[in-house]
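[1] fold the following.
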Amino acid sequence: MVVMATFLLGTVARASIIDNGGAGYSETGAGWGTWQGEGEYGSNFRYASSAGNTATWAFSGLANGIYDVYGTWPGSASRTAAAPYSFSDSLASTAVNQKVAPASDFTAGGSAFQKLGSVHVVDGTFDVTLNSVATLQVIADAMALEAVDAYIIDDGDPGFSKTGTWGKAGASYYVNDGGAAASASWNFTGLANETYAIYATWPEQGNRSTEAPYTFSDGVLPTTVNQRNAPNGGYVSAGVSFQEIGVVTVADGNFTVTLTDDTSTNALTFVMANAMALKVVSTASTNSYENWAQHQGLSGAETNRTADIENGGLGDGMNNLVEYALGGNPSVDDAAAVLPKTAVVTTGGTNWFYHIHNQRTDDASLTYTVQLSTNLVSGTWQTNDVEKVGESGAVNNFKSVTNRTDAGSKEFMRLRIGQN
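    Numbers count the residues shown, from 1 in each chain. Reported below is the predicted structural model:
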């Protein structure tokens with residue numbers, strides 16, 4: 001029996017399935033055979049055990065948007081441990097172990113489907129291709145697409161990788177004791193070139209790290225997260241709460257998040273690697289203070305520009321306006337990563353004191369002024385001896401601005417941020 005199914009939520013198609021032999025399924029090569037009775041989707045499946053054969057599932061008539069991609073197969077020891085699936089729309093290829101049954105990430109028709117990735121469909125079509133291998137069987141059964149509101153990579157999904165020594169506790173990986181060589185990465189591919197909120201989740205507990213260090217590609221500033229606190233629920237998927245830890249504008253369809261162990265050697269400071277999510281946000285979500293505060297999940301008095309809510313209300317030394325202006329997260333103690341950097345450099349016999357700060361490029365109402373004072377008692381600040389010497393190009397609506405002054409004058413330097 002040939003099966004092609006579409007599941008509906010209201011009047012919007014949420015999932016589509018193409019079974020082997022159904023509309024949209026095609027093959028090349030003479031090496032395919034048919035078998036049944038192993039718990040497959042529908043009434044049979046196709047198999048090949050020689051190289052040079054392909055099976056393709058061509059989805060069409062899709063609403064443009066984000067989809068999770070799933071496959072199913074009956075697992076058996078006679079199958080390959082690396083069935084090679086490739087995809088259209090720049091989604092990275094993946095190899096699947098068909099010796100074991102698929103993980104039950106999605107179910108339909110009594111069959112479990114395993115997630116193979118997520119993709120943004122832009123022209124109503126999407127293709128999956130499975131190539132056979134020279135030895136052992138590859139199985140072509142059914143493929144499914146499910147419309148979702150975000151890209152999510154869990155710690156067992158394609159796109160997740162780790163190096164070094166990680167333990168496993170429940171559904172999460174963990175590392176501790178300052179394991180500098182340990183890292184976990186979530187590599188998103190097949191993305192639309194949009195602006196995304198970056199979300200993380202973790203299982204909170206009293207023995208977690210208070211400074212789990214996340215770094216990012218695409219020029220996004222690093223941040224740290226207190227994993228002893230539960231994610232704040234800025235995004236929720238399947239009942240799991242996520243917390244926003246950054247914003248990125250993707251330009252080439254790819255984005256990577258990396259988590260490493262923290263610097264503590266305390267055996268009771270575990271860094272937890274679980275799932276990451278990217279959710280499209282509008283430009284308006286990031287280019288005004290009010291929209292930014294709402295997007296960050298602030299409410300009531302938390303939205304005040306002078307509020308500083310991190311560390312149980314003790315703050316991190318940056319109020320909300322400073323967080324907004326410098327690219328910080330108002331719920332995370334990220335002062336060390338976000339506040340201006342300084343250095344003394346000797347050039348031509350002069351000791352120059354350099355001051356480097358982040359600056360928004362998408363909100364003209366903000367003002368950034370670097371000032372000098374000869375002492376901290378008089379309260380007199382001026383800009384006469386401040387020299388702007390450069391700025392970087394804009395990345396994700398931020399640029400880096402460099403100023404300097406002659407260090408021999410023994411002055412104090414500060415950055416004043418205002419909003420008109």
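[2] can you tell me how far the residue of the chain positioned farthest from its centre sits from Tyr25?
    The outermost residue of the chain, judged against the average C-alpha position, is Ser378 (47.2 Å), by CA atoms, centre = their mean. Distance of Ser378 to Tyr25, given as CB to CB, to the nearest Å: 79 Å. For every residue, glycine as well, the C-beta is placed using N, CA and C.
[3] where does pLDDT dip in the stretch 151-300 of the chain?
    177-180, 267, 282-287 (pLDDT under 70).
[4] cutoff 80 now
    The model of the stretch 151-300 of the chain has pLDDT under 80 over residues 177-181, 263-268, 281-287, 294-295, 297.
[5] in it, which spans are helices?
    Counting by DSSP state H, counting those that start in this stretch, the stretch 151-300 of the chain has helices at residues 289-295.
[6] in the sheet, who's paired with Tyr25?
    Trp57 (DSSP bridges).
[7] pretty sure it sits against Trp57.
    Yes. Applying CB atoms under 8 Å, one finds Tyr25 in contact with Trp57, separated by 5.7 Å.
[8] please say which of the two ends up with more neighbours.
    Under the criterion of other CB atoms under 10 Å, the comparison of Tyr25 against Trp57 puts Trp57 first, with 26 against 20.
[9] any idea how far the more buried one lies from Thr125?
    Here the criterion is CB to CB. By it, Trp57 lies 11 Å from Thr125.
[10] tell me how many other residues surround Thr367.
    Neighbourhood size, Thr367 [other CB under 10 Å]: 11.
[11] show me the protein divided up by domain.
    If you go by automatic domain parsing, the domain ranges for the chain are 4-148, 160-281, 341-419.
[12] turn those domains into CSV, including distance to Ala325.
    Converted to CSV, these look like this (distance: least, CB to CB, whole Å):
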stretch, distance to Ala325
domain 4-148, 31
domain 160-281, 13
domain 341-419, 5
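[13] of these, which is nearest Gln296?
    Of all the domains of the chain, the one in closest proximity to Gln296, counting by CB to CB, is domain 160-281 (6.6 Å).
[14] just give me how far stretch 136-145 sits from the chain centre.
    Chain-centre distance of stretch 136-145: 28 Å, with CA atoms, centre = their mean, to the nearest Å.
[15] now that stretch: average pLDDT?
    For stretch 136-145, mean pLDDT rounds to 96.
[16] can you give me the end-to-end span of that stretch?
    One end of stretch 136-145 sits 27 Å from the other (CA to CA, to the nearest Å).
[17] ditto for stretch 353-373
    One end of stretch 353-373 to the other measures 14 Å (CA to CA).
[18] buried residues, that stretch. List them.
    The neighbour-count criterion (16 or more other CB atoms under 10 Å) identifies 353-360, 363, 366, 368, 370-372 as the buried residues of stretch 353-373.
[19] for the record, mean pLDDT for that stretch?
    Average pLDDT, stretch 353-373: 91.
[20] helix/strand/coil for Ile417?
    strand (DSSP: H, G, I helix; E, B strand; the rest coil).
[21] so it bridges to which residues?
    With DSSP bridges as the criterion, Ile417 is bridged to Tyr368.
[22] and the pLDDT for it?
    94.
[23] contact partners for it?
    Ile417 makes contact with 321-322, 325-326, 366-369, according to CB atoms under 8 Å, 6 or more residues apart in numbering.
[24] tell me which of the buried residues of stretch 353-373 fall in strands.
    Members of these lying in strands (criterion: DSSP state E): 353-360, 366, 368, 370-372.
[25] looking at those residues, which is nearest Pro231?
    Asn358 (25.1 Å).
[26] gap between the residue nearest to Glu411 when sequence neighbours are not counted and Val345?
    Among residues not flanking Glu411 along the chain, Leu372 sits closest, at 4.5 Å (CB to CB, 6 or more residues apart in numbering). Separation of Leu372 from Val345 (CB to CB): 17 Å.
[27] any idea how far Phe412 is from the residue nearest to Gly379 when sequence neighbours are not counted?
    Distance criterion CB to CB, 6+ apart; nearest residue to Gly379, sequence neighbours excluded, is Ser373 at 7.8 Å. As judged by CB to CB, Ser373 and Phe412 stand 5 Å apart.
[28] repeat for Gly418
    The spacing between Gly418 and Phe412, counted by CB to CB, is 19 Å.
[29] Asn311 now?
    Counting by CB to CB - Asn311 and Phe412 are separated by 26 Å.
[30] what does Asp252 give?
    43 Å.
[31] go on, Ser93?
    According to CB to CB, Ser93 and Phe412 sit 56 Å apart.
[32] so between those two, which is more surrounded?
    Ser93 (14 against 11).
[33] with adjacent residues omitted, what lies nearest to that one?
    Nearest residue to Ser93, sequence neighbours excluded (CB to CB, 6+ apart): Ser86, at 4.4 Å.
[34] which residues does that neighbour contact?
    Contacts of Ser86 (CB under 8 Å, 6+ apart): 93, 128-129, 131.
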